[in-house]
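A.B. asks: Predicted model follows, preceded by the sequence.
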Amino acid sequence: MTRRPFPATIAARLAPAALLMLLTSGCVSLAPDYNRPALPVPATYAPDDSGAATATAAADIAWQAYFPDPVLQGLIATALDNNRDLRNALLRVEEARALYGIQRADQFPTVGVQAEGARSRVPGDLNLTGQPQVSSQYQVGLGMASWELDFWGRVRNLKDAALQNYLASDAAARAATLSLIAEVADSYLSLRELDERLALTRETIASREASLRIFRRRYEVGAISKLDLTQVETLWQQAKALGADLEQSRAAQAHALELLLGAPLDLPKLPPRLDDNAVMRDLPPGLPSALLVNRPDIVAAEHRLKASNANIGAARAAFLPSITLTGAFGTASAELDGLFSGGSRAWNFAPSISLPIFDAGRRGATVDLAEARRDQAVATYEQTIQTAFKDVSDALSARRWLAEQVEVLRATVAAQSERARLAQLRYDHGASPYLEVLDAQRDLLAAQQKLAQTRRALLSSRVRLYAALGGGTQAAAQARAAAGPQDASPR
């Protein structure tokens, strides 16, 4: 019985399918299995705000809803459009996306069209005929550059690492967005606090200047002593000094806010008193485990950890053979018009395999480096969680104790106002020296200034709590999903 030769056309048709089966069945990954590290913080916050559990979670509240002040909303929108640090963060996302695209392309062969034409003349004394010869060669075809067969998952792990780095940069941009929103809100509240303190100080300066004119006239007619006049003048000078200091602080705060906005600050005329309802009052802290999905900086740290895990697999694959394919298929002829005639088909196929035998420990050190970077990423991830836990705990305690301080200071201002009124009455009736009035008015102004500062600090603690809990992250994700992939706006 004679064996029939296997037809070349059937072999050519089955070769791609066989290669595909080989690639899909033989590719393995040497990266270690990823396991999320245990939560390195307590399971609940202290004190536990379980009473606010029915309120809307911070991650579900968009910043437009949390900050109802229209002026503040306009400032935040301006900062999101113009802040240069945020712009750089978004550009780093585009950079990481491009790097991921480059790494992903390594999984596929690079195929190109190539065309060559050459003519050459050989002198007669360099060939056997003794006559000069002119020869031509023309070639057109498809060529495949060196393509690595990813049996050990090296290329795939590098692609996975690039993908995780891209996702980490995207999460870092969202963290920068949230941080910018909180910074703009806090800077705006600080500016409004200084406006209120300046308004109080200007009223005090005007009142004391009027008193100084009265006392100067009374001194001129001999109704009071020089000591009383100098005491009144001292009060006036102290108020003027405080006013100058507050003016300088307000200018610096306005400059800081302008830097955050990335654009000139153009505020409308605002009431002098700071609005205690500029931000929401209640936010439930939830559980620390919720931070793992709501805090974009924690999400970014985990993506970097996954990237370092994939890099270990790529480093381990270097110990195994590397197989690459190079080939081309087309037509070739000595005459240009014979390129596409019968019998002009040309092809070449050049597989290669390589395995370093001695590299002085380079590959082992590469694996050690990848594992050390993975351990660093674990430590960074855990530290990020601990920092987030501290941020929430600090904001919760500040919200609780600053609210109590505000109530105490309001009572203090009321008491100091009554004290100043009674001291003035006693002085007017000659029952006490003016020094008593001096002390009472000085203490009243200090209490008013302290109350304005503490009220602003309470509002800032609510801003910090919103940011610490990953405020608006889920709302922003839902908005991006609804808008579609073309909307890359951080808002």
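C.D. replies: Perfect, I can see it now.
A.B. asks: for this protein, where's the lowest mean pLDDT among helices and strands?
C.D. replies: One helix or strand of the chain scores below all others by mean pLDDT, DSSP states H and E: helix 8-26, with a mean of 43.
A.B. asks: Check which element follows it along the chain.
C.D. replies: helix 63-66 (DSSP states H and E).
A.B. asks: distance of Thr454 from Glu203?
C.D. replies: Per Cβ to Cβ, to the nearest Å, Thr454 is found 20 Å from Glu203. The C-beta positions use only the backbone N, C-alpha and C, and glycine is treated the same way.
A.B. asks: Give me the buried stretch members for stretch 30-38, please.
C.D. replies: Within stretch 30-38, the residues that count as buried by 16 or more other Cβ atoms under 10 Å are 30-31.
A.B. asks: So what would you say the end-to-end distance of that stretch is?
C.D. replies: 23 Å (Cα to Cα, to the nearest Å).
A.B. asks: quick check: mean pLDDT across it?
C.D. replies: Predicted confidence along stretch 30-38 averages 91 (mean pLDDT).
A.B. asks: now do stretch 299-310
C.D. replies: For stretch 299-310, the mean per-residue pLDDT is 96.
A.B. asks: before we move on, what about stretch 128-148?
C.D. replies: In this model, stretch 128-148 has a mean pLDDT of 83.
A.B. asks: How far does it sit from its chain's centre?
C.D. replies: Relative to the mean C-alpha coordinate of its chain, stretch 128-148 is positioned 55 Å out (Cα atoms, centre = their mean, to the nearest Å).
A.B. asks: Equivalent analysis for stretch 142-157, please.
C.D. replies: Offset of stretch 142-157 from its chain centre (Cα atoms, centre = their mean): 34 Å.
A.B. asks: re earlier: Thr454 and Glu203 - which one has more neighbours?
C.D. replies: Thr454 (19 against 14; other Cβ atoms under 10 Å).
A.B. asks: host element of that one?
C.D. replies: Going by DSSP H and E, Thr454 is in helix 434-468.
A.B. asks: quick one: buried residues of that helix?
C.D. replies: In helix 434-468, counting by 16+ other Cβ under 10 Å, buried: 434, 436-438, 440-445, 447-449, 451-468.
A.B. asks: Same check on stretch 110-129?
C.D. replies: Using 16+ other Cβ under 10 Å as the test for burial, stretch 110-129 gives no buried residues.
A.B. asks: Now do it: distance to the chain's middle.
C.D. replies: Counting by Cα atoms, centre = their mean, stretch 110-129 comes out at 58 Å from the chain centroid.
A.B. asks: Need the residues that contact that stretch.
C.D. replies: 130-145, 147, 328, 330, 336 (Cβ atoms under 8 Å, 6 or more residues apart in numbering).
A.B. asks: Just the buried residues of those residues.
C.D. replies: Buried by 16+ other Cβ under 10 Å: 138-141, 144, 147, 328, 330, out of the contacts of stretch 110-129.
A.B. asks: Thought Gln238 was touching Thr204, still the case?
C.D. replies: No: Thr204 is beyond contact range of Gln238, at 9.2 Å (criterion: Cβ atoms under 8 Å).
A.B. asks: Which residue of those two possesses the greater neighbour count?
C.D. replies: Neighbour count, other Cβ under 10 Å: between Thr204 and Gln238, Thr204 has more, with 23 against 17.
A.B. asks: Compute the distance between that one and Leu212, please.
C.D. replies: According to Cβ to Cβ, Thr204 and Leu212 sit 12 Å apart.
A.B. asks: hang on, the earlier thing: quick one: which of the buried ones among the contacts of stretch 110-129 is nearest Pro268?
C.D. replies: Nearest to Pro268 among the buried ones among the contacts of stretch 110-129, counting by Cβ to Cβ, is Trp147 at 63.3 Å.
A.B. asks: Low-confidence stretches in this structure?
C.D. replies: Applying pLDDT under 70 to the chain picks out residues 1-27, 47-55, 281, 484-491.
A.B. asks: Identify the residues contacting Glu385.
C.D. replies: Actually, residue 385 is Ile rather than Glu. 39-41, 288, 291-292, 298.
A.B. asks: ditto for Pro268
C.D. replies: Pro268 neighbours (Cβ under 8 Å, 6+ apart): Val71.
A.B. asks: helix/strand/coil for it?
C.D. replies: Following DSSP: H, G, I helix; E, B strand; the rest coil, Pro268 is assigned to coil.
A.B. asks: Same question for Gln139.
C.D. replies: Per three-state DSSP, Gln139 ends up strand.
A.B. asks: quick one, helices of this protein?
C.D. replies: According to DSSP state H, the chain carries its helices in the segments 8-26, 63-66, 70-82, 84-105, 154-220, 226-261, 291-294, 296-317, 362-428, 434-468, 473-483.
A.B. asks: Turn these into CSV, including distance to Val113.
C.D. replies: Listed next are these as CSV, based on distance: least, Cβ to Cβ, whole Å:
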stretch, distance to Val113
helix 8-26, 19
helix 63-66, 52
helix 70-82, 45
helix 84-105, 18
helix 154-220, 24
helix 226-261, 52
helix 291-294, 48
helix 296-317, 32
helix 362-428, 37
helix 434-468, 54
helix 473-483, 40
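A.B. asks: who touches the closest residue to Ala171 other than its chain neighbours in this structure?
C.D. replies: Closest residue to Ala171 apart from its sequence neighbours, by Cβ to Cβ, 6 or more residues apart in numbering: Ala300 at 3.7 Å. For Ala300, the contact set (Cβ under 8 Å, 6+ apart) comprises 168-169, 171-172, 175.
A.B. asks: distance of Ala300 from Ser397?
C.D. replies: In terms of Cβ to Cβ, Ala300 sits 27 Å off from Ser397.
A.B. asks: who's Ser136 bridged to?
C.D. replies: Under DSSP bridges, the beta-bridge partners of Ser136 are Arg119.
A.B. asks: Verify the contact between it and Glu335 for me.
C.D. replies: Yes: counting by Cβ under 8 Å, Ser136 sits close enough to Glu335 to count as a contact (6.7 Å).
A.B. asks: Tell me the spatial nearest neighbour of Ala173, not counting adjacent residues.
C.D. replies: Of all residues not flanking Ala173 in the chain, Ala89 sits nearest, at 4.3 Å (Cβ to Cβ, 6+ apart).
A.B. asks: Let me see the domain layout of the chain.
C.D. replies: Structural domains assigned to the chain are 26-107+151-320+362-478, 111-149+323-354, following the TED database.
A.B. asks: roughly how far apart are Ser179 and Gly470?
C.D. replies: Taken as Cβ to Cβ, the span from Ser179 to Gly470 is 11 Å.
A.B. asks: cool, Ala317 as well?
C.D. replies: Ala317 sits 37 Å away from Gly470, going by Cβ to Cβ.
A.B. asks: Leu229 now?
C.D. replies: As judged by Cβ to Cβ, Leu229 and Gly470 stand 60 Å apart.
A.B. asks: So which of these two has more stuff around it?
C.D. replies: Taking other Cβ under 10 Å, Leu229 and Gly470 do not tie; Gly470 has more neighbours (28 against 17).
A.B. asks: got the contact list for the more buried one?
C.D. replies: Contacts of Gly470 by Cβ under 8 Å, 6+ apart are 58-59, 178, 291, 293-296.
A.B. asks: returning to what we had before: quick one: closest of the helices of the chain to Asn35.
C.D. replies: Among these, the nearest to Asn35 by Cβ to Cβ is helix 296-317 (9.4 Å).
A.B. asks: If anything else comes up later, I'll come back, but that's it for now.
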